[in-house]
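Enquirer: okay, sequence plus prediction incoming.
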Amino acid sequence: MQNTTSSPNLSTMGTGIVTPPMQSQSQHMQSTTPSVANGKDEIRGWLYKWTNYLKGYQKRWFVLQAGVLSYYRSQDEMTHTCRGTVYLESAHLSSDDSCHFVISNGSTVIHLRTSNENDGQRWMNALQLAKQRAIKVRKQFHDSDEEISTADDFTKQQTSQQQQQQQHQTQNNSLNPRKQSPSTNERTELATMNKTFDAKLEDLKMCMDLINRHYQALQRTLADLEQIDKSEGTINTIKSVNERATLFRITSTAMLNACQEIVQLIQNQGRKWQKAVQFERDARIRMERMCEQVASQSAKLEKQIQRASRKDKTSIKSSELRTPNEDSYSSDSDEFHDAESVFRIPLQHASTNEKQSAKIVDDNVSSCDDDNGDDDGSESEEREKEKLPVVIVKRSKKIEATNNAQTTVTNVTKSIDNTSKTTVSKRKRRDRIPERPNFSINLWSIIKNSVGKDLSKIPVPVNFSEPISMLQRITEELEYSSVLDIAAKINDNWEQLAYVAAFTVSSYSTTATRVNKPFNPLLGETYECDRTDDLGWRALAEQVSHHPPALATHAEGQGWTLYQEFTMGSKFRGQYLSVTPLGYSHLIFKNTGNHITWKKVTTLVNNIIVGKLWIDNVGEMDIINHTTKDVCKLKYFQYSYFSKDVPHKVTGVITDSNSQARWVLSGTWTEKIEGGPVESPSHRHAHSHHMETHNMKVLWQRRMPPAYLEKMYNFTELAIELNEDEPGVAPTDSRRRPDQRFMEEAHWDEANQEKLRLEEKQRQVRKQRESEAGGQDLYKSKWFKKQYDSLTQSEIYVYTNEYWECKAKQDWSRCDDIF
């Protein structure tokens, strides 16, 4: 055994079980016998734990409590940092020799060593006893509906719940002294009854001890009598008396054992009664909270109705006070136009005393946080929302105008359909995969210990995934590439930017029904998708970084080039998962030379603990044309139960370099986006913050997948085709990933095993790479290179234009063996 120079010698370092120190003790502690600490089943002491081949065995401070073995580097770390825990209930204990023993629990294996045989035997006895107690506790509470992992967790939970109930009961009793809690009385009676039975059992034990003593005295008396009188009659009488005394002792022992069994049975039933009462009390508390929430929501609704009624009265009064000029203007407008819809856009105008210029609202990401404020907060939000400009969508009553509008929409729809099917595919692609197995899953059981951590660092089994990688999921955003094909043929910069905005919204169209997590790509994993024969584009994606996770993509279409770097910051907030993309997307058109960039909005995954998972996309997106300085501001509205707007609503406005509104957009990210030019600027309208537009046309509309795909992970038709095996792709392509392929074929156990193998292989390769580079990971991407982007003032991975040439030659010499 090899130790570092800083480690003490095993002969001079005690490793026995010691009592928890009242003060800081010396690091070189002497071994002591096991002892109870602070009235709890808790044992502590120093042990030597195997770390690695360089450092060997290192001393660690171990704590055994309630069937859980925890260890720390020092005693000071007990208050804030735990280096590891092992649940002895399901652990396996083994010993190679008297000083060395092994604890294994699934993937966790701990090698421990003591300085002498006595300490090793003490630790093994303590561990085995703790394991037996943990198994016994699990059996006692096996009939309960609640899962109790350890006895200590159960005690803490009961204590906190009792404190909450006592506070609640104290408040109720202060309001109504005659009102008593039935559950409290039942618990008191039950505890009293258990104490009475215990006392009676102790009396029986005392009587049993007296019987044993009298029996021994009787045996001695009979023996003395047998020595004095050895006649045959006396000996027979003594034997008869001895046999009857023995029968009496056996009967008394059986009676005592029966009493013990009765007391144990009563105690077990008492635990069941306690849990039943606890369950009913918790249900009552939940119902009270729900009633309070319903009452507060009803109060909010009443206030909103009152505010709405006041607004209606104010609008009626203002209409009565209009001037004749305004009446004539209104009558002229009503003669030719009807207001088809009204919506607000994220544009803030200056006051009448200032310049008539528009400034884009710059809301930060905090707007996507949960709205748990009071009525004042909701009223302030309503007032802020009312300050935003109103867009009035009007349509001509004349037949020619109606026909023109219908013709425009029809032409756009046909152009979208024709562009999406420009050519016929050279190969027949699959239209279905094996249906998703109906396995019960609990996401909360996986991430309950990961609150506040990065989502990408949480180990998640394939049960919560979908059988495509993140590289393929990013490529799936090109499903509506036909929108970009239309934009590439438009010379008007504002209209082209409107189609780009609609394309950015289309990438979220499937998130409403796709709540499963894609596979995290391995470092160096790639994915190619060549659809030039039918869709007119081809794309390449590669995982270029592992810490932090980042991928780069490059796609070429009919008159446009799209490339982006995708990385994200993800946090688990307890009630929801927050996923915030950090990379930029770049789009370049060949006809106009416009270079457009944007960043994605925040995605929230709700109902992590209870209920059905659902996704919401919230925040604001700035789509900037760096060539013309035009800006499109899109606002994704957060879903609210009290909101009068449609769910998943998106509105936007396109402003020129002078901050004048030129185009407006409206729709939802689950159905469609419409847009139209601003025909009535704000300074010409009777109301300074109103705008008008006519005949808004459909820029993007979602194609609903067939109904049978709902059982296939809610995939779209393109998603079904993404993981189809193709010849000639790179050996690092996602199609060749074995765990993903196993999951697609509904072999989830094999998929989980392969996932663990691939992750462990990736860790070993990274360690080897770091050891060769002196502790630094100098990995370089195979098909992308990192360079500085002056437009976004950040670094981005750019395609090297070498992949498709290497594929034509089938030269994959630069690819690593990652699978």
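Expert: Perfect, I can see it now.

Enquirer: okay, now residue 99: neighbour count?
Expert: 20 (other Cβ atoms under 10 Å). (Each C-beta comes from the backbone N, C-alpha and C, glycine too.)

Enquirer: so in terms of bridging, what pairs with residue 632?
Expert: residue 623, residue 654 (DSSP bridges).

Enquirer: residues in contact with it?
Expert: When contacts are counted by Cβ atoms under 8 Å, 6 or more residues apart in numbering, residue 632 touches 497-498, 500-501, 622-624, 652-655, 663, 665.

Enquirer: state the distance from residue 762 to residue 581.
Expert: 24 Å (Cβ to Cβ, to the nearest Å).

Enquirer: next: residue 628.
Expert: 25 Å.

Enquirer: what does residue 292 give?
Expert: From residue 292 to residue 581 the distance is 38 Å (Cβ to Cβ).

Enquirer: over to residue 486?
Expert: Taking Cβ to Cβ, one finds residue 486 at 25 Å from residue 581.

Enquirer: ok so, going back, neighbour count: residue 292 and residue 581, which is higher?
Expert: Shown here are residue 292 and residue 581; by other Cβ under 10 Å, residue 581 has more neighbours (18 against 10).

Enquirer: so where's the chain shaky on pLDDT?
Expert: Residues of the chain meeting the criterion pLDDT under 70: 1-41, 140-187, 190, 310-342, 347-388, 394-426, 439-460, 574, 680-689.

Enquirer: relative to its centre, which residue of it is most distant?
Expert: The C-alpha centroid of the chain is most remote from residue 231, which lies 90.4 Å away (Cα atoms, centre = their mean).

Enquirer: could you tell me how many residues sit around residue 718?
Expert: When neighbours are counted by other Cβ under 10 Å, residue 718 comes out with 22.

Enquirer: for the residue nearest the centre of the chain, give the beta-bridge partners.
Expert: The residue lying closest to the centre of the chain (Cα atoms, centre = their mean) is residue 577, at 4.8 Å. With DSSP bridges applied, residue 577 shows beta-bridge pairing to residue 572, residue 605.

Enquirer: my read is that it contacts residue 608, right?
Expert: Yes - the pair residue 577 / residue 608 is scored as a contact, 6.4 Å apart, by Cβ atoms under 8 Å.

Enquirer: list residues touching both of those two?
Expert: With Cβ under 8 Å, 6+ apart, residue 577 and residue 608 have no common neighbours.

Enquirer: and residue 432, its phi and psi?
Expert: For residue 432, the backbone dihedrals (degrees, to the nearest 10) come out as phi -160, psi 160.

Enquirer: what is the burial count for it?
Expert: Residues near residue 432, counting by other Cβ under 10 Å: 13.

Enquirer: quick check: it vs residue 660, distance?
Expert: Here the criterion is Cβ to Cβ. By it, residue 432 lies 50 Å from residue 660.

Enquirer: ranges for the strands of the stretch 451-600 of the chain?
Expert: Applying DSSP state E, counting those that start in this stretch to the stretch 451-600 of the chain gives strands spanning 465-469, 517-519, 526-531, 537-546, 549-556, 560-566, 568-572, 576-581, 585-589, 595-598.

Enquirer: tell me what the third one is packed against?
Expert: In this structure, strand 526-531 makes packing contacts with helix 470-475, strand 537-546, helix 803-809, judged by 3 or more Cβ pairs under 8 Å, 6 or more residues apart in numbering; DSSP states H and E.

Enquirer: redo that, cut-off 10 Å
Expert: Packing contacts for strand 526-531, counted by 3 or more Cβ pairs under 10 Å, 6 or more residues apart in numbering; DSSP states H and E, involve strand 465-469, helix 470-475, strand 537-546, strand 549-556, helix 717-722, helix 803-809.

Enquirer: for that strand, list every residue counted as buried.
Expert: 526, 527, 528, 529, 531 (16 or more other Cβ atoms under 10 Å).

Enquirer: give me every residue that touches the third one.
Expert: Think residue 528. When contacts are counted by Cβ atoms under 10 Å, 6 or more residues apart in numbering, residue 528 touches 471, 475, 538-542, 726, 728-730, 733-735, 783, 803-804, 807.

Enquirer: cool, thanks, talk later.
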